[in-house]
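Colleague: what's the 3D shape of this:
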Amino acid sequence: MSDPQPKSSAKIEKSDAEWREQLTSEQYDVCRKHGTERAFSGRYHDTKTKGMYVCIGCGEELFHSDTKFDSGTGWPSFYQPVSEENVGTTSDRSFFMVRTEVHCSRCDSHLGHVFDDGPAPTGLRYCINSASLDLKED
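Modeller: Down below sits the predicted model:
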C-alpha cells in the first residue's frame with residue numbers, strides 16, 4: 001500500500017455554480033446536498049479492484065482498497081481511512097436518528113456515514129457512497 005499524499009493545508013471552497021459544473025447531478029446531490037445513493041446501485045459497492053479511493057470533489061486520498069470489505073449493505077464499506085486527517089465527522093440528526101456523517105476534510109464533500117459495527121482491527125464501518133469516490137487503480 002502506498003503512503004498517502006501529504007494533506008494539503010488549503011481548504012477547497014467553490015461556489016454552488018462551480019460544484020454544479022464539476023459534478024454530475026448524482027455526485028452533486030450526494031456530495032453537496034448530503035444525499036444517499038440507492039443501496040447496490042453504486043459503481044463501487046462490489047468492486048474488488050486494488051487501488052486508492054479518492055474524493056470526487058478534490059482528489060484527496062480517502063480509503064485504500066486493502067481496507068474495503070463486503071458489509072452486505074449495498075455501499076462500499078471500509079474499516080479505516082487512509083489518514084484520520086483526510087476525513088472529518090459531524091453529527092447527523094436527519095431521518096429521526098442520530099448518525100455520524102463522514103466528509104472530506106479538504107473540500108467538505110459528504111461521503112457517507114461511519115458505524116461501530118465493522119470488522120477488526122478498528123470495529124468501524126465507513127459506509128460510503130460510490131458517487132463521492134473515484135478509484136485510482138494500483
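Colleague: Just want the most central residue of this protein.
Modeller: Nearest to the geometric centre of the chain sits Leu111, at 3.5 Å (C-alpha atoms, centre = their mean).
Colleague: show me what contacts it?
Modeller: Contact analysis of Leu111 by C-beta atoms under 8 Å, 6 or more residues apart in numbering lists 31, 55, 62, 87, 102-104, 126, 128-129, 132-133. Quick note: C-beta positions are derived from backbone N, CA and C, even for glycine.
Colleague: any idea which element Thr73 lies in?
Modeller: Assigned by DSSP states H and E, Thr73 belongs to neither a helix nor a strand.
Colleague: Ignoring the adjacent residues along the chain, who's closest to it?
Modeller: Cys127 (6.0 Å; C-beta to C-beta, 6 or more residues apart in numbering).
Colleague: now swap in Trp19 and tell me
Modeller: For Trp19, ignoring the flanking residues on the chain, the nearest one in space by C-beta to C-beta, 6+ apart is Arg32 at 5.2 Å.
Colleague: does that neighbour sit in a helix, a strand or a coil?
Modeller: helix (DSSP: H, G, I helix; E, B strand; the rest coil).
Colleague: And for Tyr28?
Modeller: Per three-state DSSP, the local secondary structure of Tyr28 is helix.
Colleague: ranges for the strands of the protein?
Modeller: Using DSSP state E, the strands of the chain run over 51-55, 61-64, 68-69, 77-78, 87-92, 99-104, 110-115, 125-128, 133-137.
Colleague: show me where pLDDT drops low in this protein?
Modeller: 1-9, 94-97 (pLDDT under 70).
Colleague: Next, count neighbours for the closest residue to Glu137 other than its chain neighbours.
Modeller: Closest residue to Glu137 apart from its sequence neighbours, by C-beta to C-beta, 6+ apart: Gly51 at 4.1 Å. Counted with other C-beta atoms under 10 Å, the neighbours of Gly51 add up to 17.
Colleague: Surely Gly51 is in contact with Thr67?
Modeller: No: in this structure, Gly51 is not within contact of Thr67 by C-beta atoms under 8 Å, at 11.9 Å.
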